[in-house]
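Novice: Here is a sequence with its predicted model. Questions after.
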Amino acid sequence: MRRTPYSTSQGAARIGACAAALLMAVATSGSALADAASEGKAVLERNCGRCHGVAAGAQSPLSKAPNLWTVLRSYPVERLDFELAEGIGSRHADMPQIQFADEDITRIYYYLHGDDEARPRP
Ligand code: HEC
């Protein structure tokens with residue numbers, strides 16, 4: 001007896017299931033990224049928002065303090081890592097010297113660069 005060839009409809013169903021799984025994976029990682037990014041923003045707001053504007057284009061509460069979205073986004077990745085880990089604040093008066101934990105740095109990174117695929121965090 002001849003073996004039934006793999007039916008086309010079965011094959012199509014398989015491919016469909018695969019595509020659905022892939023889409024779900026993408027959607028999940030996309031929202032994980034969005035979560036990380038909003039946590040990154042919250043971390044900055046909590047620690048720095050008293051003086052600095054944190055959202056793009058926001059006015060800083062303290063007019064002398066530059067908007068962090070603009071300043072931090074302009075830093076090359078290595079510098080951002082270094083500054084956040086070492087405590088950016090050491091350089092100026094009144095600023096708390098905060099050494100962010102690595103996972104917070106990643107969140108801040110995604111907040112600043114999550115939409116910028118040209119510069120994934122290493
Ligand atoms: C008490 C107010 C205050 C807080 C809180 C504060 N800053 Fe600042 N920051 C300033 C002021 C004022 C300036 C601008 C004057 C200066 O550079 O001395 C500044 C400047 C900066 C700059 C620019 C430095 C440069 O080299 O041009 C960065 C980056 C920065 N702050 C990061 C942060 C981060 C990150 C936090 C949170 C951990 C933070 N700041 C919290 C007051 C503050």
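Specialist: Now that the structure is in, tell me what you want to look at.

Novice: Any chance you could list what contacts the helix or strand in which residue 109 is found?
Specialist: When elements are assigned from DSSP states H and E, residue 109 belongs to helix 102-113. Contacts to helix 102-113, defined as CB atoms under 8 Å, 6 or more residues apart in numbering, come from residues 33, 36-41, 43-44, 69, 72-73, 77, 80-81, 84-85, 100, 119-121. For glycine as for every other residue, the C-beta is placed from the backbone atoms N, C-alpha and C.

Novice: can you dump the C-alpha coordinates of it into CSV?
Specialist: C-alpha atoms of helix 102-113 as CSV (Å, rounded to 0.1, in the frame of the first residue of the first chain):
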residue,chain,number,x,y,z
ASP,A,102,22.8,46.9,36.2
GLU,A,103,19.2,45.9,35.7
ASP,A,104,18.1,49.5,36.2
ILE,A,105,20.7,50.7,33.7
THR,A,106,19.2,48.2,31.2
ARG,A,107,15.7,49.6,31.8
ILE,A,108,16.9,53.1,31.4
TYR,A,109,18.7,52.1,28.3
TYR,A,110,15.5,50.7,26.9
TYR,A,111,13.6,53.8,27.9
LEU,A,112,16.1,55.9,26.0
HIS,A,113,16.9,53.6,23.1
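
Novice: Would you indicate which residues of it are buried?
Specialist: Counting neighbours by 16 or more other CB atoms under 10 Å, one finds that the buried residues in helix 102-113 are 104-113.
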